[in-house]
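# sequence and predicted structure are below.
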Amino acid sequence: MAVSLASLKRGRNVRPPRIVIYGPHGLGKSSFGASAPAPVFIQTEDGLGTLDVTSFPLAQTFADVNGALSTLYTDDHEFSTVVIDSADWLEPLIWKETCALHGKADIEEFGYGKGYGFALDQWRSVLSGLNALRDTKNMASIVTAHCQIKRFDSPEVEPYDRYTPKLHNSASALLQEWADAVFFTNWKTVIQKEDVGFNKKVARGVTTGQRMMYTTEKPAYLAKNRYSLPEEMDLSWQAFADALTASAAQT
């Protein structure tokens, strides 16, 4: 195909979002996915509880996950959002598939760190499937994950702990690069100082009971977005959709 300056385009190309949302268990990450437009769930963990959603049978193998993505790609349907719930339960299925493909009994049998590198091929297969659904079916993607606290070795300051998705570092990095938005979720916490006598005060973290999404990276957690969203929002699809609409109106 010939390329010329006449082929250049300008303007926002708003496409269905690709979202990774992670945080402590029980906060409402699955509910966020369930509130998205016309969702269908690919379950790798039995965590939907009482949510009234449409889902594929619980995936027992990596082939089950790929099969669900292929079905959504080839069959006619009215779903608008695919939700993988969750990435950290998908990861062991990916490791098992990687070991089977390379004749290994365990992901560590490859040698130091090598197995996790080979596993990225399976992760890329999943992300390619989600991209294909976006391109051909105009579907949004949501990938949920639990969180862990890991040491971050900064080249600028002393090491510190931060929240990250509960995944191997290489898989986490790949998902972060792929996503249009990475939201960290947690209870909103405020600091209260209490007078304990003798001219001493103790600072305590107290939750407000409000569930929040954090959209911009801070020392305490990984996050990002490509939409110029507020740094924090209520944990709900409606809050995200409203912020996305407001951001688009300002450009």
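Arrived safely. What you are looking at is a predicted structure, and each value in this text was computed from that prediction instead of being measured.

# did I read that right, residue 68 in a helix?
Yes - assessed by DSSP: H, G, I helix; E, B strand; the rest coil, residue 68 belongs to a helix.

# and it, what's its pLDDT?
Predicted confidence (pLDDT) for residue 68: 98.

# what's it in contact with, if anything?
42, 56, 59 (CB atoms under 8 Å, 6 or more residues apart in numbering). The C-beta positions use only the backbone N, C-alpha and C, and glycine is treated the same way.

# how near is the second one to residue 98?
From residue 56 across to residue 98, the span is 22 Å (CB to CB, to the nearest Å).

# cool, and the last one?
As judged by CB to CB, residue 59 and residue 98 stand 16 Å apart.

# so between residue 56 and residue 98, which is more surrounded?
Comparing residue 56 with residue 98 by neighbour count (other CB atoms under 10 Å), the higher total belongs to residue 98, at 22 against 17.

# in three-state terms, label residue 175 for me.
helix.

# do you know how far the residue nearest to residue 239 when sequence neighbours are not counted is from residue 4?
Counting by CB to CB, 6 or more residues apart in numbering, residue 239 lies nearest to residue 233, which is 4.4 Å off, once chain neighbours are set aside. Here the criterion is CB to CB. By it, residue 233 lies 42 Å from residue 4.

# name the residue in these two with the higher neighbour count.
Each of residue 233 and residue 4 had its neighbours counted (other CB under 10 Å), and the higher figure belongs to residue 233 (17 against 6).

# show me the contacts for the more buried one.
By CB under 8 Å, 6+ apart, the neighbours of residue 233 are 212-213, 215, 239-240, 243.

# surely it forms part of a strand?
Yes - per three-state DSSP, residue 233 lies within a strand segment.

# bridged to it, which residues?
residue 213 (DSSP bridges).

# quick check: the gap between it and residue 86.
Computed as CB to CB, the residue 233 to residue 86 distance reads 21 Å.

# can you check residue 176 too?
Relative to residue 86, residue 176 is positioned 16 Å away (CB to CB).

# and the two? which has more neighbours close in?
A count of neighbours by other CB under 10 Å puts residue 86 above the other of residue 176 and residue 86, at 25 against 17.

# correct me, but that one touches residue 147?
No - between residue 86 and residue 147 there is no contact under CB atoms under 8 Å: 10.8 Å.

# out of the contacts of residue 233, which is most surrounded?
Among the contacts of residue 233, residue 213 has the most neighbours (other CB under 10 Å), with 29 neighbours.

# residues contacting that one?
21, 32, 183-185, 232-235, 239-240.

# ranking by neighbours, what's the top pick from those residues?
For those, the largest neighbour count, defined by other CB under 10 Å, is 29 neighbours, found at residue 21.

# grab the nearest non-local neighbour of it.
Nearest non-adjacent residue to residue 21, counting by CB to CB, 6+ apart: residue 183, 4.5 Å away.

# for the record, mean pLDDT for the helix or strand hosting that neighbour?
Taking DSSP states H and E as the definition, one finds residue 183 inside strand 181-197. Strand 181-197 carries an average pLDDT of 76.
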